[in-house]
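need coordinates for the following:
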Amino acid sequence: MNNELRPTDPDKQFVSNMVESALKVGGIFLLLSWSYSLVQPFVVPIVWGAIIAVAAMPLVRWLEKYTKRRGLAATLFVLVAITAIVMPVGSLLLSLTDPFKAAMDTVQSGNFTIPGPSERIAEIPLVGEPISQFWTLASTNLEAAMLKIKPQIIAAATTFVSLVTGGLGSVALSIFSLAVAGGFMAHGESMDRGCKSVLTRLLGESGEEMVELGAATIRSVLLGVVGVALIQTILIGIGLFVASIPLAGLWCIVILVFGIAQLPATLVTLPIIIYAFSAMESTPAMIFSIWTVIAGLSDNALKPLLMGRGLEIPMLVILIGAIGGMLAIGLVGLFIGAVVLAVWYKLFQAWMAQDVA
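Coordinates of the predicted model:
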């Protein structure tokens with residue numbers, strides 16, 4: 001009887017071990033899932049805080065020479081950065097609310113009148129007649145005209161409120177990320193040792209090299225993408241403000257966003273150049289156009305100089321990682337995508353060298 005059971009004993013032991021291992025793996029997975037759900041709201045600001053800390057660490061070390069304390073230097077940097085974010089946002093909100101309030105006061109006072117359209121408006125092909133009819137209605141009965149486009153007004157107001165709410169949320173996220181970055185920078189050495197210990201555990205001896213590579217890649221993307229976009233925006237902005245182009249500040253923000261997104265600034269500057277020739281004299285318009293075109297093409301010269309500087313990673317690898325990461329997960333992907341692709345490129349190089357050896 002015992003001899004008949006012995007052949008099945010290893011099978012029973014195998015099944016028992018498999019079930020026990022499955023339960024352990026399932027428990028660990030469940031624990032990790034619960035832990036991630038708890039920290040998920042803080043993942044994005046923590047990642048941004050780490051990116052800001054890596055990028056700003058050289059500046060904080062420079063400030064430390066004068067403050068004699070790392071924590072004080074990090075706090076000064078965070079306070080200056082928060083002020084640099086809050087003040088422009090506050091002034092922008094005031095510039096948006098003041099005209100709106102003045103328009104509402106004018107409408108409520110009953111002194112608001114709209115002149116009727118000229119005959120040329122109705123002569124515009126396709127859209128001239130509807131525009132002329134609505135304009136005439138608005139000049140004679142504004143309330144009826146507003147009721148006619150009430151759905152569009154509600155949609156526009158909803159979009160505006162969502163944009164303002166999203167902007168305020170982004171400001172709050174930036175402030176929190178800067179506070180996290182200040183904590184990282186105040187304890188920079190211990191954070192660096194912790195990251196190196198974790199990656200050494202995962203990747204072996206190359207873990208420390210990967211930490212240094214990640215930090216260098218973040219600074220490279222900051223210079224090659226954000227830095228170039230900022231320089232290009234400043235150059236174009238000088239021309240916009242000198243030429244007194246309407247809404248010059250808003251155009252600068254759009255150009256900066258296009259530059260970070262790796263879209264050509266010509267998409268924004270070409271309509272502005274056309275406007276300059278229609279609103280300015282020939283010579284100033286020509287000078288403005290030449291300056292704007294040269295400034296718009298400056299990224300082609302600046303990017304090879306700044307992108308990948310001090311790295312053994314090709315600029316194309318970093319650029320593909322930055323653009324692909326931004327398309328996949330947003331602005332933070334600029335840095336995460338470049339770091340991930342740079343690490344994989346380095347690991348691939350090490351694997352190829354090992355295979356050849």
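
contacts, neighbours, all on C-alpha from now
OK.

what's the burial count for residue 144?
Neighbourhood size, residue 144 [other CA atoms under 10 Å]: 13.

let me redo that: residue 151
11.

packing partners for the helix or strand harbouring residue 147?
Following DSSP states H and E, one finds residue 147 within helix 142-148. Judged by 3 or more CA pairs under 8 Å, 6 or more residues apart in numbering; DSSP states H and E, the packing partners of helix 142-148 are helix 128-140.

so what does the helix it packs on touch, helix or strand wise?
Under the contact criterion of 3+ CA pairs under 8 Å, 6+ apart, helix 128-140 touches helix 119-122, helix 142-148.

that helix: which residues count as buried?
132, 134-139 (16 or more other CA atoms under 10 Å).

likewise for stretch 178-190?
By neighbour count with 16+ other CA under 10 Å, stretch 178-190 contains the buried residues 178-186, 188.

helices - which of those residues land there?
Counting by DSSP state H, the buried residues of stretch 178-190 place 178-186, 188 in helices.

contacting residues around residue 229?
Neighbour list for residue 229: 256, 259-260, 299 [criterion: CA atoms under 8 Å, 6 or more residues apart in numbering].

do residue 260 as well
Per CA under 8 Å, 6+ apart, neighbours of residue 260: 225-226, 229.

now those as TSV including distance to residue 340?
As requested, those are exported to TSV (distance: CA to CA, whole Å):
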residue	distance to residue 340
225	16
226	18
229	22
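
among those, which are located in helices?
Those of these lying in helices (DSSP H): residue 229.

looking at the contacts of residue 260, which one is closest to residue 169?
Of all these, residue 169 sits closest to residue 226, with 21.4 Å by CA to CA.

just the helices in the stretch 201-350 of the chain please.
207-221, 228-242, 248-260, 266-279, 282-296, 299-306, 315-329, 333-356 (DSSP state H, counting those that start in this stretch).

nearest to residue 90, out of those helices?
Nearest of those (CA to CA): helix 248-260, 14.4 Å.

could I get the buried residue list for the closest one?
248, 251-252, 255-260.

which of those lies closest to residue 21?
For the buried residues of helix 248-260, the nearest to residue 21 is residue 260 (47.7 Å; CA to CA).

now the closest one: how far from residue 168?
Using CA to CA, to the nearest Å, residue 260 is found at 21 Å from residue 168.

now swap in residue 132 and tell me
Separation of residue 132 from residue 168 (CA to CA): 39 Å.

mind listing what's buried in the one helix or strand residue 192 maps to?
Per DSSP H and E, residue 192 falls inside helix 188-203. With burial defined by 16+ other CA under 10 Å, the residues of helix 188-203 counted as buried are 188, 195-197, 199-200.

what's that helix packed up against?
helix 207-221.

how about the CA coordinates for the helix it packs on, as CSV?
Extracted as CSV, the C-alpha positions of helix 207-221 are listed here (Å, rounded to 0.1, in the frame of the first residue of the first chain):
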residue,chain,number,x,y,z
GLY,A,207,23.4,50.6,-11.0
GLU,A,208,25.5,53.6,-9.8
GLU,A,209,26.4,54.4,-13.4
MET,A,210,22.7,54.4,-14.4
VAL,A,211,21.9,56.9,-11.6
GLU,A,212,24.6,59.2,-12.9
LEU,A,213,23.3,58.7,-16.4
GLY,A,214,19.7,59.5,-15.4
ALA,A,215,20.7,62.7,-13.7
ALA,A,216,22.9,63.8,-16.7
THR,A,217,20.1,62.9,-19.1
ILE,A,218,17.5,65.0,-17.2
ARG,A,219,19.9,68.0,-17.3
SER,A,220,20.5,67.4,-21.0
VAL,A,221,16.8,67.4,-21.8
